[in-house]
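In: How does the following fold in three dimensions:
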Amino acid sequence: RQGRRFVPHWHRHKRVRVHFRQLEAWYRTLDQLITAKEKIEVALFHRLRDLFSLKPELVLYDITSTYFEGAGPVGFAKHGYSRDGKPHHVQVIVAVVMVSGWPIAHHVWAGNEVDHTTVGKAINDLHQRFGFKRLVFVGDRGMVTSDNIETIRSGGHGYLVGLKRRRNKKLDRWLKAVDETKWIDCPVGITAQEKTNPPGTRAQEVASGVAGMRVIIIDSDERRDSEEALRQKSMERTRQALEKLERRVAAGKLKQPEKIGAAAERLLQRNLRGGPHQQAVLCAGVG
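Out: All right, here's what the predicted structure looks like:
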């Protein structure tokens with residue numbers, strides 16, 4: 001109870017302030033702690049479960065990457081898809097598993113590990129280490145493959161995942177089934193800060209046509225505004241590139257019509273991005 005009076009302080013400063021010497025001492029213990037990492041995570045989870053009466057069914061899973069300026073750890077530091085915009089640096093993949101808002105496990109994989117290949121490993125770990133019988137797996141679009149969905153379903157688990165729009169005819173059919181009169185407002189929104197009135201996020205379920213699968217379409221003002229800003233930026237970049245091409249033609253540096261057309265096409269392909277507003281699609285299912 002006494003700790004509650006420090007909550008406003010934590011919100012204001014965003015982190016716990018630690019003296020460098022203390023932090024350095026903590027870092028030195030990590031080599032010893034890593035050998036007991038798996039047992040520590042399980043023990044902490046059991047304490048959380050008993051203390052807060054957790055019902056571990058809904059499991060949130062996400063991954064990120066972190067890069068190294070130097071060589072990095074042997075066997076882990078690899079080149080891969082960089083979320084930091086540093087494709088020339090080696091990196092590692094870090095994953096976290098959340099239950100009821102609490103992180104209960106984390107994983108570190110080689111930097112060239114692909115997102116969706118980690119899903120089966122994480123689920124198996126929840127079975128073997130934590131004793132989870134049935135769970136609902138929540139992941140983003142990078143986690144979705146037919147093999148992963150089949151693995152989840154065959155284990156008797158449920159799932160809630162985002163779907164990729166590109167080259168997905170089935171998804172296009174679901175989007176066309178949207179009825180503009182049947183949107184349901186989401187008062188909480190898609191972020192903790194989004195609590196507008198009226199709500200800025202709407203959802204609608206459409207028939208999936210697949211047994212045991214539900215499809216929910218999400219429409220968000222925040223996403224709409226973000227896409228519009230990106231589209232305007234892309235259009236401005238394209239306009240400047242075409243004006244530069246026009247000056248080259250006027251100066252006689254580019255004369256043949258076919259070359260002018262090819263140059264314009266390359267500029268459009270390179271700079272013009274985005275189309276109509278893309279609604280997000282969630283797919284939910286049971287095993």
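
In: can you name the farthest residue from the center of this structure?
Out: In terms of distance from the mean C-alpha position of the chain, residue 252 ranks first, at 48.4 Å (C-alpha atoms, centre = their mean).

In: wait, is that residue part of a helix?
Out: No. Read with DSSP: H, G, I helix; E, B strand; the rest coil, residue 252 is coil and lies in no helix.

In: Do you have the helices of this structure handy? List them.
Out: 7-13, 20-33, 37-52, 119-128, 146-154, 169-176, 221-250, 257-271 (DSSP state H).

In: which stretch among those helices comes nearest residue 204?
Out: The closest of those to residue 204 is helix 169-176. By C-beta to C-beta, the value is 10.2 Å. Where C-beta positions appear, they are placed from N, C-alpha and C, glycine not excepted.

In: Mean confidence (pLDDT) on that closest one, please.
Out: Helix 169-176 carries an average pLDDT of 83.

In: and that helix, what does it pack onto?
Out: Judged by 3 or more C-beta pairs under 8 Å, 6 or more residues apart in numbering; DSSP states H and E, helix 169-176 is in contact with strand 213-220, strand 280-285.

In: Where among these is average confidence lowest?
Out: Across the helices and strands packed on helix 169-176, strand 280-285 has the smallest mean pLDDT, namely a mean of 67.

In: Show me the one of the helices of the chain that comes nearest residue 185.
Out: Residue 185 lies closest to helix 221-250 among the helices of the chain, at 11.2 Å (C-beta to C-beta).

In: between the closest one and strand 213-220, how big is the angle?
Out: 70 degrees (axes from the mean of the first three to the mean of the last three C-alpha atoms, to 10 degrees).

In: Contact partners for residue 78?
Out: By C-beta atoms under 8 Å, 6 or more residues apart in numbering, the contact set of residue 78 is 90, 91, 92, 110, 111, 112, 113.

In: Show the model's pLDDT score for the second one.
Out: On pLDDT, residue 91 comes in at 96.

In: bridging residues for it?
Out: residue 67, residue 78 (DSSP bridges).

In: That one touches residue 85, doesn't it?
Out: No. Using C-beta atoms under 8 Å, residue 91 is not in contact with residue 85; the gap is 11.3 Å.
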